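Participant: coords please:
(chains A, B and C)
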Amino acid sequence: MVEFEPMQRRFYQRSTELVARSLLGKLLIRTTKAGLAAVRLTELEAYLGPSDLACHTFGGRRTPRTEVMWGPAGFSYVYLVYGMHHCLNVVTVGEGHGEAVLVRGGLPVLGEELMRERRAGGRGLSDGPGKLCQALSITRTDNGLDLCDPESGLYLGDDGTKVPLTEVRSLPRVGVAYAGEAATWPLRFLWQPPTTHPVTE
DNA sequence: TCTAGGATCGGCT
DNA sequence: GCCGATCCTAGAT
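Facilitator: Next up is the predicted model:
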């Protein structure tokens, strides 16, 4: 079984923007009965809590759905969008902040065949939040997992890949036109690897 | 209870 | 490039 060094809780207990940017190039590793699959993250978005109109916790909203967003950093927040797609987020900063990073896309590095099966003929394996969740078999039942613990079946790890700041682009977030000025904030972070980085180990 | 609308995707024009 | 699918969530009655 391949294992990677999991990101520690401290990694997530920083500003949401910094966590989003720092997650570029990291590995999202998923283990299920069907096997192991992993992607290298290339696209993330920061959601800045009560002051961010695009964020589910805007204005201090605290509901059953958003409960884990108010909890400790390093846990998963998974919700259903448009009645059919799941989105994976990572809670940041710490308890009471309501901030998170949306995982929007990555490149397959392990278990590509398994991902292809799960995507069942769709185009692209993990180049979108809904596709990534489908390829890694992530649903609302995976809400509230501890992403610092490989035992949870879903965690983030580091294989030493470096992402130079000069290769990172920041743009406005996708699909939040309703959020007024917040829709223009450059909180979407993209990394296009110069070449594909193979998994070392 | 009821209702409007959504952090998307894929099929069709 | 446009549009419908699909059903949960949150806020309003």
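
Participant: any idea which helix or strand carries residue A:21?
Facilitator: helix A:16-22 (DSSP states H and E).

Participant: does DNA strand C sit close to the strand of greatest length in chain A?
Facilitator: The strand that spans the most residues within chain A, counting by DSSP state E, is strand A:35-47. No: using CB under 7 Å from any atom of the strand, strand A:35-47 stays clear of DNA strand C, with a minimum separation of 13.5 Å. In short, each C-beta sits where N, CA and C put it, glycine included.

Participant: all helices of chain A, in order?
Facilitator: For chain A, applying DSSP state H gives helices covering A:9-12, A:16-22, A:112-119, A:129-135.

Participant: and among the ones you listed, the most buried is which?
Facilitator: helix A:129-135 (a mean of 23; mean count of other CB atoms under 10 Å).

Participant: quick one: contacts of that one?
Facilitator: The contact list for helix A:129-135 (CB atoms under 8 Å, 6 or more residues apart in numbering) reads A:28, A:37, A:39, A:78, A:81, A:84-88, A:102-106, A:108, A:115-116, A:118-119, A:122, A:124-126, A:138-139.

Participant: Could you export that helix as PDB, CA atoms only?
Facilitator: Below are the C-alpha coordinates for helix A:129-135, written out as PDB (Å, rounded to 0.1, in the frame of the first residue of the first chain):
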ATOM      1  CA  PRO A 129     -15.400  19.800  -8.400                       C
ATOM      2  CA  GLY A 130     -18.200  17.400  -9.300                       C
ATOM      3  CA  LYS A 131     -16.100  15.200 -11.500                       C
ATOM      4  CA  LEU A 132     -13.300  15.000  -9.000                       C
ATOM      5  CA  CYS A 133     -15.800  13.800  -6.300                       C
ATOM      6  CA  GLN A 134     -17.300  11.300  -8.600                       C
ATOM      7  CA  ALA A 135     -13.900   9.900  -9.700                       C
END
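
Participant: for chain A, which spans come out with low pLDDT?
Facilitator: Within chain A, the stretches with pLDDT under 70 are A:1-2, A:195-201.

Participant: Would you mind listing what in it touches DNA strand B?
Facilitator: Of all the residues in chain A, those lying near DNA strand B are A:45, A:47, A:54-56, A:80-85, A:87, A:89, A:100, A:102, A:119, A:121-124, A:128-132, A:173-176, A:178, going by CB under 7 Å from any atom of the strand.

Participant: want to throw the helices of chain A into JSON lines with distance to residue A:184?
Facilitator: Below are the helices of chain A laid out as JSON lines (distance: least, CB to CB, whole Å):
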{"stretch": "helix A:9-12", "distance to residue A:184": "26"}
{"stretch": "helix A:16-22", "distance to residue A:184": "15"}
{"stretch": "helix A:112-119", "distance to residue A:184": "33"}
{"stretch": "helix A:129-135", "distance to residue A:184": "20"}
